[in-house]
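Enquirer: Fold the stuff below for me.
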Amino acid sequence: MFENKTEAQAREQILALVTEYADRFHNQKTEFHDGDRIPYASRVYGHEEMVNLVDSALEFWLTSGRYTDEFEKKLAEYLQVKYCSLVNSGSSANLAAFMALTSPLLGERRIKRGDEIITVAAGFPTTVAPAVQYGAVPVFVDVTIPQYNIDVSMLEAALSEKTKAVMLAHTLGNPFDLKSVKEFCTRHGLWLVEDNCDALGTKYTLDGNERFTGTIGDIGTSSFYPPHHMTMGEGGAVYTDHPLLHKIIRSFRDWGRDCVCPSGCDNLCGHRFDRQYGELPLGYDHKYVYSHFGYNLKATDMQAAIGCAQIEKFPSFVEKRRHNFDRLRQALAGTEDRLILPEAAEHSRPSWFGFLLTCKEGVDRNRLVQYVESRGVQTRMLFAGNLTKHPCFDEMRACGSGYRVAGELANTDRIMKDTFWVGVYPGMTDEKIDYMAKVIQEGLAQ
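Expert: Numbering: from 1, shown residues only. A predicted model of the protein is given here:
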């Protein structure tokens with residue numbers, strides 16, 4: 001098959017076959033019928049992703065390489081931030097972001113064990129897990145409905161002399177009140193970490209400037225798990241405009257090492273064998289000097305290759321999510337006597353991850369959800385509901401330490417009991433959106 005061909009010619013032939021295969025056997029459009037399964041999220045891709053994946057496999061570099069460099073550059077350019085680090089998941093992105101704030105290089109502003117982090121319990125656990133695992137104390141604040149984000153009126157009540165940071169997610173694409181939270185953090189000298197895993201592409205206007213969420217705080221994070229706004233299978237990113245934070249994030253991602261040389265490169269600084277580090281011998285190989293107790297959180301170049309194709313399509317994904325959300329909300333107009341419909345945060349243009357619904361008094365969520373699911377529409381809860389009610393908090397509740405609550409979590413508990421959501425991912429057609437609305441309305445009439 002490859003006789004008398006160069007490597008480049010053989011690769012070109014293989015990739016042409018991959019294109020043909022992907023176009024023929026993947027993403028074939030099928031007619032939708034009422035009752036067909038409508039997932040809350042799914043991958044949206046074409047032959048470009050598969051060609052990139054095979055191209056990377058043929059190169060067989062496997063670990064982070066040229067596609068990783070390309071993706072980090074493209075995502076940073078899209079978000080208009082200076083630095084971006086690809087990692088192996090959104091959870092790892094949150095871990096790297098939080099742990100960066102514990103670095104001794106930050107001096108008095110570093111987070112130490114016992115320090116407090118303001119957050120919410122109505123969300124995904126890995127926004128909070130890094131703080132708990134490190135030994136910091138999460139301070140939980142209630143949220144508002146129908147924005148499903150932190151109640152900023154409770155920020156001052158959550159503050160103590162031990163508070164060092166605020167770490168919050170933008171819920172299903174709807175941003176929290178960044179103006180108020182940012183001002184609070186600036187006033188008290190606190191770090192702000194934006195868990196942007198469910199909101200990539202969301203825009204927020206602050207001081208007259210429209211910016212992407214994830215770029216307004218000190219550090220932002222993203223996830224590229226298949227249901228998210230774009231995918232590379234597994235994967236995540238950490239981004240910042242702060243050069244020191246970027247250096248620390250890279251260190252924690254790459255085993256905690258002090259050296260900044262990428263894999264396969266040596267002595268970029270020109271001082272690999274002539275410096276003194278800690279109590280090591282003079283000239284100890286800089287590639288094996290560790291400034292932090294880090295991890296290996298890197299993604300593979302094959303994942304990054306998929307991401308490089310996805311990011312080219314990403315702006316269209318965002319617009320389709322907005323279209324689907326708006327169409328579903330319009331279709332559910334008239335149900336407000338039984339459901340609380342979601343509302344975008346002030347000053348925002350969300351890149352919606354899902355469509356949240358809270359049942360009003362007299363509507364049984366479980367009954368409604370089971371009806372909707374029985375008609376082929378997949379649903380999800382708002383993640384943990386109230387994280388403090390889960391078994392992972394049993395021991396902390398028993399000993400009465402490890403976290404605290406500012407005020408009450410009344411809305412958080414209501415979300416746990418009355419809220420669910422359906423998808424608006426870009427692979428959905430208008431026909432599917434309309435069917436979802438019809439099924440929800442039918443369920444309300446049961």
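Enquirer: longest helix of the protein?
Expert: In the chain, with assignment by DSSP state H, the single longest helix is helix 301-331.
Enquirer: for this structure, what spans make up the helices?
Expert: Under the criterion DSSP H, helices of the chain are mapped to 7-25, 47-59, 66-79, 90-100, 129-134, 155-158, 178-188, 243-253, 301-331, 365-374, 394-399, 410-418, 430-445.
Enquirer: Out of these, name the one with the poorest average pLDDT.
Expert: Lowest mean pLDDT of the helices of the chain: helix 394-399, a mean of 81.
Enquirer: Show me the contact partners of that one.
Expert: With contact meaning Cβ atoms under 8 Å, 6 or more residues apart in numbering, helix 394-399 is reached by 388, 402, 403. Bear in mind the C-beta positions are built from the backbone N, C-alpha and C, glycine included.
Enquirer: Please apply the same query to stretch 299-308.
Expert: Stretch 299-308 is contacted from outside by 45, 49, 52-53, 55-57, 59, 61-68, 70-71, 74-75, 86-88, 224, 230-236, using Cβ under 8 Å, 6+ apart.
Enquirer: now with 7 Å?
Expert: Residues outside stretch 299-308 that contact it (Cβ atoms under 7 Å, 6 or more residues apart in numbering): 49, 52-53, 55-57, 61-65, 67-68, 70-71, 74, 86-88, 224, 232-235.
Enquirer: repeat for stretch 244-259
Expert: So stretch 244-259 is in contact with 83, 85, 87, 96, 99-100, 103, 105, 218-219, 238, 240, 260, 277, 286-287, 289-298, going by Cβ under 7 Å, 6+ apart.
Enquirer: Return a ChimeraX selection command for the buried portion of those residues.
Expert: Command for ChimeraX, covering only those of the contacts of stretch 244-259 found buried under the criterion 16 or more other Cβ atoms under 10 Å:
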select :83,85,87,96,99,100,103,218,219,238,240,277,286,289,291,292,294,295,297,298
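Enquirer: and the contacts of stretch 244-259, which of them are in strands?
Expert: Mapping the contacts of stretch 244-259 onto strands (DSSP state E) picks out 83, 85, 87, 219, 238, 240.
Enquirer: List just the nearest of these to residue 350.
Expert: Distance to residue 350, by Cβ to Cβ, is smallest for residue 219 among those, at 20.6 Å.
Enquirer: Would you check that that closest one makes contact with residue 97?
Expert: Yes - Residue 219 is within contact range of residue 97, at 4.5 Å (criterion: Cβ atoms under 7 Å).
Enquirer: Show me whatever sits in contact with both of those two.
Expert: Residues touching both residue 219 and residue 97 by Cβ under 7 Å, 6+ apart: 193, 238.
Enquirer: ok, the ones in strands among the contacts of stretch 244-259 vs residue 417, which is closest?
Expert: Proximity of those to residue 417 (Cβ to Cβ) peaks at residue 219, which lies at 33.0 Å.
Enquirer: Could you tell me the per-residue confidence at that closest one?
Expert: According to the prediction, residue 219 has pLDDT 99.
Enquirer: Kindly report the same for the one 4 residues further on.
Expert: In this prediction, residue 223 carries a pLDDT score of 98.
Enquirer: Was I right to think residue 427 contacts residue 41?
Expert: No - judged on Cβ under 7 Å, residue 427 makes no contact with residue 41 at a distance of 8.7 Å.
Enquirer: For these two, indicate the residue with more neighbours.
Expert: Using other Cβ atoms under 10 Å as the criterion, residue 427 and residue 41 rank with residue 41 on top: 21 against 17.
Enquirer: Next one: the more buried one from residue 230, what distance?
Expert: Residue 41 sits 12 Å away from residue 230, going by Cβ to Cβ, to the nearest Å.
Enquirer: Provide a list of residues in contact with the residue nearest to the spatial centre of the chain.
Expert: Nearest to the geometric centre of the chain sits residue 197, at 1.2 Å (Cα atoms, centre = their mean). By Cβ under 7 Å, 6+ apart, the residues touching residue 197 are 90, 169, 221, 222, 223, 228.
Enquirer: ok, so of the residues you listed, who is nearest residue 158?
Expert: Using Cβ to Cβ, residue 169 comes nearest to residue 158 of these, at 16.4 Å.
Enquirer: Okay, and the beta partners of that closest one?
Expert: Assessed by DSSP bridges, residue 169 has beta-bridge partners residue 195.
Enquirer: Correct me if wrong: it contacts residue 122.
Expert: No - when contacts are counted by Cβ under 7 Å, residue 169 is not listed as touching residue 122 (9.5 Å).
Enquirer: so what are the domain limits for this protein?
Expert: Under the assignment automatic domain parsing, the domains of the chain span 53-303, 314-445.
Enquirer: In TSV: those, plus distance to residue 28.
Expert: Listed next are the domains of the chain as TSV, based on distance: least, Cβ to Cβ, whole Å:
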stretch	distance to residue 28
domain 53-303	19
domain 314-445	13
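Enquirer: taking those together, which one is wrapped up most tightly?
Expert: domain 53-303 (a mean of 20; mean count of other Cβ atoms under 10 Å).
Enquirer: May I have the distance across that one, first residue to last?
Expert: 7 Å (Cα to Cα, to the nearest Å).
Enquirer: now do stretch 226-243
Expert: End-to-end distance of stretch 226-243 (Cα to Cα): 30 Å.
Enquirer: coming back round to it: relative to residue 36, which of the domains of the chain is closest?
Expert: Of all the domains of the chain, domain 314-445 sits nearest to residue 36, with 5.7 Å by Cβ to Cβ.
Enquirer: and the closest one, how far apart are its ends?
Expert: Domain 314-445 has an end-to-end distance of 38 Å (criterion: Cα to Cα).
Enquirer: next one: that domain to chain centre, how far?
Expert: Per Cα atoms, centre = their mean, to the nearest Å, the displacement of domain 314-445 from the mean C-alpha position of its chain is 17 Å.
Enquirer: before we move on, what about stretch 148-164?
Expert: The answer for stretch 148-164 is 22 Å, by Cα atoms, centre = their mean.
Enquirer: quick one: contacts of that stretch?
Expert: 111, 114-118, 120, 122, 139, 141-144, 168, 171, 174, 176-177, 180-181, 184, 188, 190-191, 345, 356, 382, 406-407, 415.
Enquirer: neighbours of residue 20, just the number please.
Expert: Neighbour count for residue 20, taken as other Cβ under 10 Å: 11.
Enquirer: and it, what is it in contact with?
Expert: Counting by Cβ under 7 Å, 6+ apart, residue 20 makes contact with nothing.
Enquirer: Against residue 50, how distant is it?
Expert: Distance, residue 20 to residue 50, by Cβ to Cβ: 11 Å.
Enquirer: Good, wrapping up.
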